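> I'd like to go over a predicted model; first the sequence, then the structure.
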Amino acid sequence: MGRRKVENVVWKSKMSLKDYEYYLKIECAMSPNTVASYISDLTAFFSAVGKDPKDVVPEDIISYFAETTTLSKRSQARVLSSLHSFYKWMIMEGEMTDNPSDAIEAPKLGKYLPAVLSVEEVDRLIAAVDLDSAFGKRDRAMLETLYGLGLRVSELVSLRISSIWTEQGFVSVIGKGDKQRLVPLGGMARDAIRDYLEVRGPAADRESSDILFLNRFGRALTRIAVFKMIKAYAVKAGISKEISPHTLRHSFATHLIENGADLRAVQEMLGHESILTTEIYTHIDSSTWQRNILEHFPQRGLRD
């Protein structure tokens, strides 16, 4: 394929992706992170294949997965999902009649059990925060909010003061797809937020004025900043597990299930669209139960 033809193909795919990105943002109301993930996967695919999107056949997808050895099975499944969604849109727009990704079977994935902290480890993590400074009180409130409300990190950094109803005991959260849900506000998270608000610094601008958690410049924190903060406190608390902000969300859900919470109620609090997503925490509970039993019977391991 000549250089001019390759450049023409790249230009066509970019134009298609620009329209598709607009469709995801406006018509599907997907979150910016989800849209960015779809577009990144598709950009990498079309750049590697070097074909107009309309000319892609199933063999191109198979070859891409075979040649791109850095993609794990989970990443392959995500790319395939991105392609499937893109070509469904192409068909809907009348640009194509067949979806080339339909002929590709998604790789089988093992069941993913996320890392979970014990209640004692959560207490150690939060206790590692030094409350002598305003930023310490902020960090304590962030950890209590992540764990006590089971928020995603994106929901945490965009949380607004006006969405917190301390007297009524709930928080209004805007989750994936701009869907709103109400989450109960527990006493420890409520008190930590109140303590932080007393020392919260001024916002840098009108856009940041209602944002609850501010950085040192008076603006909303980034997800990366929260990730680094939690990693630092985990080291200080002597927690060796590989954790992230999402670990506190997983721990929140697991501890609820372990203490008898209704699965549907947990689904509502987490903002899961499907109950199947929430059911992963029942598997974590079962694995915890199994491990505890085996620890109490080490001489036999229940093999007989």
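Yep, it's here.
> For the residue nearest the centre of the chain, which non-adjacent residue is closest in space?
Compute the mean C-alpha point of the chain, and by CA atoms, centre = their mean the closest residue is Arg152, 6.1 Å away. Nearest non-adjacent residue to Arg152, counting by CB to CB, 6 or more residues apart in numbering: Arg249, 6.4 Å away. All C-beta atoms are positioned from the backbone trio N, CA, C, and that covers glycine.
> Which strands and helices lie in contact with the helix or strand containing the one you found?
Arg249 is located in helix 245-258, with elements delineated by DSSP states H and E. When contacts are defined as 3 or more CB pairs under 8 Å, 6 or more residues apart in numbering; DSSP states H and E, helix 245-258 sits against helix 119-127, helix 134-149, helix 153-157, helix 223-236, helix 263-270, helix 280-296.
> Would you mind getting the angle between the first one and helix 134-149?
Direction vectors for helix 119-127 and helix 134-149, defined by axes from the mean of the first three to the mean of the last three CA atoms, to 10 degrees, enclose an angle of 150 degrees.
> Also the fifth one?
Taking the same axes, to 10 degrees, one finds that helix 263-270 is oriented at 150 degrees with respect to helix 134-149.
> Quick check: buried residues in helix 263-270?
By neighbour count on 16 or more other CB atoms under 10 Å, the buried set for helix 263-270 is Val266, Gln267, Met269, Leu270.
> same question, the fourth one
Within helix 223-236, the residues scored as buried using 16+ other CB under 10 Å are Val226, Met229, Ile230, Tyr233, Ala234.
> okay, and for the stretch 51-200 of the chain, where does confidence drop off?
108-114 (pLDDT under 70).
> so how far is stretch 50-70 from its chain's centroid?
The chain centre lies 28 Å from the centre of stretch 50-70; the measure is CA atoms, centre = their mean, to the nearest Å.
> Farthest pair within the buried residues of helix 263-270?
Gln267 and Met269 (7.4 Å; CB to CB).
> now the buried residues of helix 263-270 as CSV including distance to Val173 and pLDDT?
Formatted as CSV, the buried residues of helix 263-270 follow (distance: CB to CB, whole Å; pLDDT from 0 to 100):
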residue, distance to Val173, pLDDT
Val266, 15, 82
Gln267, 14, 84
Met269, 9, 81
Leu270, 10, 84
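> Just give me the closest of the residues you listed to Phe46.
Leu270 (34.6 Å).
> What is the burial count for the spatially closest residue to the closest one that is not a sequence neighbour?
With CB to CB, 6+ apart as the criterion, Leu270 has its nearest non-adjacent residue at 5.5 Å, and that residue is Gly150. Residues contacting Gly150 under the criterion other CB atoms under 10 Å number 22.
> Got the phi and psi for Gly150?
phi 70, psi 40 (degrees, to the nearest 10).
> residue contacts, Phe48?
Not Phe; residue 48 is Ala. Applying CB atoms under 8 Å, 6 or more residues apart in numbering, we find Ala48 in contact with Tyr64, Glu67, Thr68.
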